[in-house]
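Novice: Based on what follows, work out the 3D shape:
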Amino acid sequence: MNRNRLIIGVVGALVIAIVASSLVYREYEKASATKPTVTQYIVVANEPLQLGTRLDNSNLKLIPWPADKPVPGMFTKLQDCTDRALITNVVENEPILDSKLAPKQAGAGLPATIPEGMRALSVAVNDVVGVAGFVIPGTTVDVLVTGTIGAQGGGGANSITRTILEDVRVLAAGQKIEQDQNGKPLTVPVVTLLVTPEEAVKLTMASTEGKIQLALRNTIDTKVTNPEPVLQAVLFGGVKPPEPPKIVKGKRVPPPPPYSIEVISGDKRATKTFSN
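Specialist: Numbers count the residues shown, from 1 in each chain. Prediction:
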């Protein structure tokens, strides 16, 4: 009886060993049949690079990349993207893509980052206007301006704040040297914005005749809200905002014309106009 049990145990062990060895052999055949991954080399940044940087062999390198997973716009040779400028910031080991580069004839530096039909305009800011230093290249901002408008019913000038530009891209943020009233050099922070020619005119007027403020946006928030302007008299004085013109039978009724008076002071004459 014990002998039979021994024989049965030996046979069972042999069967298990045969089955296990066959499974291992099948897995080995599968692994042998798998084709090795074919690699190629792509161009990446050798270090963090700022927009406007001209690319050359010193700031680029090649790294292996799976040939069956190409990246649209990638480069496989260093010479294919040298002497071209970046139009965006890149980090170390980030692939250099054609969409991130300015045309070869565009040169390098800030001019290369300006698309056709756009303008780069710099405005002086301070820590408050520049949102405590968070306005950096690549961010987007709204531009608000505070200024004064004419007399309201003879009550003098009234301050107003309104949003003149929305979703404007920041190209650069730095400093420039100006002179103070005593002729001494003074460091002034500046921010360079990417605007259309029409927006450049508005921004120049606002920074010259008023006081501008930048409002930082989320870069994925591109919605234009066009907020209503705020009058100082409405905000602090509790005065109701002026009512819009009444519409009668679908037609807009213009407000009553203003009236004017002539003021004589000695040999000087002046005409002042007041809202009716």
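
Novice: Let me see the contact set for the nearest residue to Glu94 once chain neighbours are set aside.
Specialist: Nearest-residue entry for Glu94: Ala45, 5.2 Å, with adjacent residues in sequence omitted and distances by CB to CB, 6 or more residues apart in numbering. All C-beta atoms are positioned from the backbone trio N, CA, C, and that covers glycine. Contacts were defined as CB atoms under 8 Å, 6 or more residues apart in numbering; by that measure Ala45 touches Asn59, Leu60, Lys61, Val90, Val91, Glu92, Asn93, Glu94, Ile96.

Novice: what about 10 Å?
Specialist: When contacts are counted by CB atoms under 10 Å, 6 or more residues apart in numbering, Ala45 touches 53, 55, 59-61, 86, 89-96, 100.

Novice: Return the member of those residues nearest to Phe134.
Specialist: Phe134 has its nearest neighbour among the contacts of Ala45 in Asn89, at 15.3 Å by CB to CB.

Novice: so what pLDDT did the nearest residue to Ile136 once chain neighbours are set aside get?
Specialist: Excluding its sequence neighbours, the residue lying closest to Ile136 (CB to CB, 6+ apart) is Ala173, at 5.4 Å. Each residue has a pLDDT score; the one for Ala173 is 78.

Novice: Run a quick neighbour tally on Ala173.
Specialist: 20 (other CB atoms under 10 Å).

Novice: Is it located within a helix, as I assumed?
Specialist: No: counting by DSSP: H, G, I helix; E, B strand; the rest coil, Ala173 is not part of a helix but strand.

Novice: Just to check, it is in contact with Val190?
Specialist: Yes: under the criterion of CB atoms under 10 Å, Ala173 lies in contact with Val190, with a separation of 7.5 Å.

Novice: how near is the residue nearest to Ile87 when sequence neighbours are not counted to Ile160?
Specialist: Here the nearest residue to Ile87 in space, its sequence neighbours aside, is Thr113; by CB to CB, 6+ apart that works out to 4.8 Å. Taking CB to CB, to the nearest Å as the measure, Thr113 and Ile160 are separated by 34 Å.

Novice: Provide a list of residues in contact with Ala67.
Specialist: Residues in contact with Ala67, defined by CB under 10 Å, 6+ apart, are Thr37, Val38, Thr39, Gln40, Tyr41, Thr76.
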